[in-house]
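1. the sequence and its predicted three-dimensional model are supplied below.
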Amino acid sequence: MKQLIKGIEKNSVYVAMVTDYGAFIKIPGCRKQGLVHRTHMSSCRVDKPSEIVDVGDKVWVKLIGREMKNDRIKVSLSMKVVNQGTGKDLDPNNVII
């Protein structure tokens, strides 16, 4: 889990796959991918995630949730709480440990 968090915090990351409900993000140093749900892509309503990102796009994300389910870790990420130009955390008080 520490490797997962470090991979997210220190780097911008790449979009691995775009679906109707969000984008899966490749996390550096891990085989795991995290999901940016379409509600966490922008402060505006997003109906089609493909209008916001494409596969291979470099984006900044923040870990907003993790959950164990059937011995697997589900990772939830947000783009809207990180400035996409600078990588600055726009919600520094919300920290997942």
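-> Here it is on my side, so go on.

2. the most centrally placed residue in the chain: what's it in contact with?
-> The geometric centre of the chain, computed from its C-alpha atoms, lies nearest to Leu77 (C-alpha atoms, centre = their mean), at 3.3 Å. By C-beta atoms under 8 Å, 6 or more residues apart in numbering, the residues touching Leu77 are 8, 25, 34-36, 40, 61-64. The C-beta positions use only the backbone N, C-alpha and C, and glycine is treated the same way.

3. give me the element it is part of.
-> strand 72-78 (DSSP states H and E).

4. so which bits of that strand are buried?
-> 75-78 (16 or more other C-beta atoms under 10 Å).

5. from the middle of its chain, how far away would stretch 84-96 be?
-> In terms of C-alpha atoms, centre = their mean, to the nearest Å, the centre of stretch 84-96 is set 12 Å apart from its chain centre.

6. let me fix that: stretch 18-30
-> 7 Å.

7. which one in this structure is furthest away from the centre?
-> Note on the chain: the largest C-alpha distance from the chain mean falls to Asn70, namely 21.4 Å (C-alpha atoms, centre = their mean).

8. show me the contacts for that one.
-> So Asn70 contacts nothing (C-beta under 8 Å, 6+ apart).

9. shaky segments in the protein?
-> By pLDDT under 70, the weakly predicted segments of the chain are 1-11, 97.

10. tell me where it has strands.
-> 13-19, 22-26, 33-37, 58-59, 62-69, 72-78 (DSSP state E).

11. export these to JSON lines and tack on distance to Ser50?
-> Formatted as JSON lines, the strands of the chain follow (distance: least, C-beta to C-beta, whole Å):
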{"stretch": "strand 13-19", "distance to Ser50": "5"}
{"stretch": "strand 22-26", "distance to Ser50": "9"}
{"stretch": "strand 33-37", "distance to Ser50": "13"}
{"stretch": "strand 58-59", "distance to Ser50": "14"}
{"stretch": "strand 62-69", "distance to Ser50": "22"}
{"stretch": "strand 72-78", "distance to Ser50": "17"}
